[in-house]
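Visitor: make a model of this:
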Amino acid sequence: MQIQIATLGYPRIGKNREVKKALESFWSGNIESESLLQTVRKVEEYNWKTQLEAGIDHIGIGDTTLYDHVLDWTFRFGLIPKRFQQLSGLERYFTMARGKEGIPALEMTKWFDTNYHYLVPEIAESTLPSDFSDFLERVKGVGSGE
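Guide: Residues are numbered from 1 along each chain as shown. Below is the predicted model of the structure:
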């Protein structure tokens, strides 16, 4: 019998807290969004490669976040409420998370009776999910050594 090894999540701020530092720099206006996203992708891909090299059979993906895991998947799936659709990129993402003048954020609620909070997706009948195959192709590229 062969035992399979899986990870459901992995430390995501970077070995030297690169993501945390980049996020704080972005919020203070010291770096642009592309620099933040480049740091996040670099750490995420390093984490996947580290797990592959360690012989992990099944590596969890989509656990990297800048704010909230549920928001990240809401964003990846393109489930964007109408009030955020005029925005794009990280401005849209963080407005969905924190709101801004005249645009309220998504509702935050507790996960059952725990102390974990998450942002509640708003899915209208007319909402069509987006194609996030670019994300999946990036994951596959790391696994194939591209």
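
Visitor: report the distance from the longest helix anywhere in the chain to the chain centre.
Guide: What stands out as the longest helix in the chain, according to DSSP state H, is helix 33-53. Remark: helix 33-53 is offset 12 Å from the chain centroid, using C-alpha atoms, centre = their mean, to the nearest Å.

Visitor: what about residue 62, how many neighbours?
Guide: Per other C-beta atoms under 10 Å, the neighbour tally for residue 62 reads 15. Quick note: C-beta positions are derived from backbone N, CA and C, even for glycine.

Visitor: numbering from 290 from now on, please.
Guide: Yep, numbering from 290; the last one is residue 351 now.

Visitor: per-residue confidence at it?
Guide: Confidence at residue 351, expressed as pLDDT, is 83.

Visitor: need the three-state assignment for it.
Guide: coil (DSSP: H, G, I helix; E, B strand; the rest coil).

Visitor: mind showing which ranges of the chain have poor pLDDT?
Guide: For the chain, the stretches with pLDDT under 70 are 433-435.

Visitor: show me the strands in it, by range?
Guide: Assigned by DSSP state E, the chain shows strands spanning 295-296, 347-348, 397-399, 406-408.

Visitor: look up how far residue 407 lies from the residue positioned nearest the centre of the chain.
Guide: In the chain, the residue lying closest to the centroid (C-alpha atoms, centre = their mean) is residue 354, at 3.5 Å. From residue 354 across to residue 407, the span is 11 Å (C-beta to C-beta, to the nearest Å).

Visitor: can you check which residues contact both of these two?
Guide: Counting by C-beta atoms under 8 Å, 6 or more residues apart in numbering, the shared contacts of residue 354 and residue 407 are residue 360.

Visitor: so what's the closest residue to residue 360 other than its chain neighbours up against?
Guide: In space, and not counting its chain neighbours, residue 360 is closest to residue 408: 4.5 Å by C-beta to C-beta, 6 or more residues apart in numbering. Residues near residue 408 by C-beta under 8 Å, 6+ apart: 356, 357, 359, 360, 363, 385, 386, 394, 395, 396, 397.
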